[in-house]
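In: Turn this into a structure:
(chains A, B and C)
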Amino acid sequence: MSVRDPAALQAAAAALADDLAAAATPLLGVALAPVLLPNERREAAHDPRRVRPGLLALATEARTFVLDCPYLPDLRPLAPVLAGPRPPYVVFPDAHFYLTVLARLGLAPPRLGCTRTAALLLAEGTLARDDELEFHNLVERYLKRPFPARWKQGQIALFDGREYLDWDRGAVLAHTAGRATELLRAMTHDHLRPRGMSRAFELECKLLPAVVAMESAGVAVDGARFAAVADGWRREREATADPERQAQLDKLITSYANWPRDYIEKDGRMRPHLDPLGTDSGRFACSRPNLQQVPSEYKAPGLRACFRAAPGHTLVIADYAQIELRVAAHLAPCAALREVFRAGRDPHRATAATLARKPEAEVTPHERKLAKAINFGFLFGMGAERFRDYAQTHYDLALDLAAAERAREAFFSTFPGIAAWHRRVGAMSPREDNFVRTTLGRRKRFPAGHFSFNAALNIPVQGTAAEGFKKAMTALHPALAELGGRGVLCVHDEYLAEVPETHAEAARTLVQQTMQAAMAEVVPSVPIAVDSRVAPSWAE
DNA sequence: ATGGTAGATAGC
DNA sequence: GAATGCTATCTACCAT
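Out: Below you'll find the predicted structure:
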């Protein structure tokens, strides 16, 4: 049987549906993931409907299963998404998502050899060469074990915790139905809860409908205007003789100029792929295109103005103010930094005042600029030497090494709680296994010999901020819908929503307050500030 | 030809 | 004692 044999795949789909129904658990319910193999992604860019009709048929079966499953009330909001203009290409319940969650939570890879979906397809001989590679990677990635050399197409390698076993298709169905249920159930109760990870896992599960809806919504882009901006880059590239400027323009042209052609869909919207479990820290990964790296107004004037609201709508744009400093003040903990925020003071002025030995009110703009670099640079363990580079390239400040050392000392004497936190993390033994955690329990493991001081400082802060943001996204998904609005993009600490013009102000208030309240749940000891605005485009 | 990686650079 | 971190994407380069 091959992928080009729809009838056989229909039969496989029916068998899979039976299998899933027999093995259904709440966990399998949340293990819902858009799955599209890399070679298919390229084809799908041209015509989603043409890609692997067999797999789409499979997805249809699975979709029915998912939406009818009594265990899955939280996933029912997905129904309109699946019926919408850009349903996920292939959606079916399998263990992939679940395995990803566990991996990102820092759990040992589960003792389940393969996803049942992949196993079934493999058994049916439906996987093309690239698919096999993908499956191979999946198994290696999650099991961290070499794939057995004796494996060949048509056979199943199932890992039972000690070794790989080969199964024919019948054995797989019989085995995985029972075994998967047993293992997944055991992982919830025996692994997640005692490790304090239930809350992080539940957040990811609740977030999923909001993510899929955001992917489905996409963001409206003015393609003609975008092309005009890109043409401006090309013209300047021809005209300028400055090699530095040429390199900058080359980066812009090669990285962004083709976005309208490659990514604007027929309805004028870009729909990037969001991966809420794509990073160690818990932040989102975004790709094809990565709208989290659209150049700023400073780097590429006029570009962000191409990202707009649909007619009759407006954008609501909100972002957290100094979120990493606030989270660090909470986690460290640092009484001095907390007090700065509680009193409504400016943390950059506080550092500048220490350095210049004068009251905060007398700090000059230049002193404040230096202090901003200091606060951001030294927070996560940067050294004085590296700070010189950083201040030069990012803030256009020239310092000698002695000045950089003084800056470092000023930072730590202004915020002694931060200094104590750095000492604590610095005392962790690099020769042993170490873990750091976010507020909700997501953890990052540093295997013995692979400890990173800086990552151990950064990840809990970045990750806790991401958790507060994800909570906000989860809450905003249904709340915005009541106003006829929807989230269209998230950029780490910034949220973009598209709302009817008639409800712009109500939506702005809703977004700002929801974001503040959600972050306050994970960062209770420091006030949270969110800046928000109503604008026709991302640039304004 | 294709695959994997290092380095630069865009964002936060 | 010292040590920014997390990404995606592009080009250049080396290996198969």
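In: Look at the closest residue in space to residue A:392 that isn't next to it in sequence and give its secondary structure.
Out: In space, and not counting its chain neighbours, residue A:392 is closest to residue A:398: 6.1 Å by C-beta to C-beta, 6 or more residues apart in numbering. Quick note: C-beta positions are derived from backbone N, CA and C, even for glycine. Taken by DSSP: H, G, I helix; E, B strand; the rest coil, the conformation at residue A:398 corresponds to coil.
In: Make sure residue A:398 is actually in contact with residue A:404.
Out: No - counting by C-beta atoms under 8 Å, residue A:398 stays clear of residue A:404, with 10.6 Å between them.
In: got any residues that touch both of the two?
Out: residue A:391 (C-beta atoms under 8 Å, 6 or more residues apart in numbering).
In: And those two? Which one has more around it.
Out: A count of neighbours by other C-beta atoms under 10 Å puts residue A:404 above the other of residue A:398 and residue A:404, at 24 against 9.
In: Confirm that the more buried one sits in a helix.
Out: Yes - residue state for residue A:404 (three-state DSSP) corresponds to a helix.
In: Tell me how many other residues crowd the residue nearest to it when sequence neighbours are not counted.
Out: Nearest residue to residue A:404, sequence neighbours excluded (C-beta to C-beta, 6+ apart): residue A:384, at 4.1 Å. Counted with other C-beta under 10 Å, residues neighbouring residue A:384 total 18.
In: Please report the distance of residue A:384 from DNA strand C.
Out: Computed as C-beta to the nearest atom of the strand, to the nearest Å, the residue A:384 to DNA strand C distance reads 5 Å.
In: Residue A:368 now?
Out: 19 Å.
In: quick one, helices of the stretch 201-350 of chain A?
Out: Using DSSP state H, counting those that start in this stretch, the helices assigned to the stretch 201-350 of chain A run over residues A:223-239, A:243-256, A:259-263, A:323-331, A:335-342, A:347-356.
In: any idea which of those is most buried?
Out: helix A:323-331 (a mean of 24; mean count of other C-beta atoms under 10 Å).
In: number of nearby residues for the residue lying closest to residue A:230 once chain neighbours are set aside?
Out: Using C-beta to C-beta, 6+ apart and skipping the chain neighbours, the partner closest in space to residue A:230 is residue A:257 (3.9 Å). Residue A:257 sits with 18 neighbouring residues when counted by other C-beta under 10 Å.
In: now swap in residue A:487 and tell me
Out: Neighbours of residue A:487 under the rule other C-beta under 10 Å: 24.
In: a strand runs through it, doesn't it?
Out: Yes - assessed with three-state DSSP, residue A:487 lies in a strand.
In: DNA strand C is nearest to which of the helices of the stretch 201-350 of chain A?
Out: Closest approach to DNA strand C among these is made by helix A:243-256 (3.5 Å; C-beta to the nearest atom of the strand).
In: what ranges do the helices span in the stretch 351-500 of chain A?
Out: Taking DSSP H, counting those that start in this stretch as the criterion, the stretch 351-500 of chain A carries its helices at A:365-379, A:384-395, A:401-414, A:416-426, A:453-482.
In: Of all those, which one is nearest residue A:292?
Out: Nearest to residue A:292, of all those, is helix A:453-482, at 12.5 Å by C-beta to C-beta.
In: Please see if the closest one touches DNA strand B.
Out: No - using C-beta under 7 Å from any atom of the strand, helix A:453-482 stays clear of DNA strand B, coming no nearer than 7.5 Å.
In: so where is chain A shaky, pLDDT-wise?
Out: For chain A, the stretches with pLDDT under 70 are A:1-195, A:197-198, A:201, A:205, A:208-209, A:212, A:277-278.
In: closest to DNA strand B out of the helices of the stretch 201-350 of chain A?
Out: helix A:243-256 (4.7 Å).
In: would you put the C-alpha positions of that closest one in CSV?
Out: In CSV, the C-alpha atoms belonging to helix A:243-256 read as follows (Å, rounded to 0.1, in the frame of the first residue of the first chain):
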residue,chain,number,x,y,z
PRO,A,243,30.0,47.9,2.7
GLU,A,244,28.4,47.9,6.2
ARG,A,245,25.2,49.3,4.9
GLN,A,246,25.3,46.9,2.0
ALA,A,247,25.5,43.9,4.4
GLN,A,248,22.5,45.2,6.4
LEU,A,249,20.5,45.6,3.3
ASP,A,250,21.5,42.2,2.0
LYS,A,251,20.2,40.7,5.3
LEU,A,252,16.9,42.5,4.9
ILE,A,253,16.5,41.6,1.2
THR,A,254,17.4,37.9,1.6
SER,A,255,15.5,37.4,4.8
TYR,A,256,12.3,39.4,4.2
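In: right, quick check: that helix against DNA strand B, any contact?
Out: Yes - contact of helix A:243-256 with DNA strand B (C-beta under 7 Å from any atom of the strand) involves A:247-248, A:251-252, A:255.
In: which strands and helices sit next to that helix?
Out: For helix A:243-256, the packing partners by 3 or more C-beta pairs under 8 Å, 6 or more residues apart in numbering; DSSP states H and E come out as helix A:223-239.
In: Wondering if the helix it packs on reaches DNA strand B at all.
Out: No - using C-beta under 7 Å from any atom of the strand, helix A:223-239 stays clear of DNA strand B, with a minimum separation of 11.4 Å.
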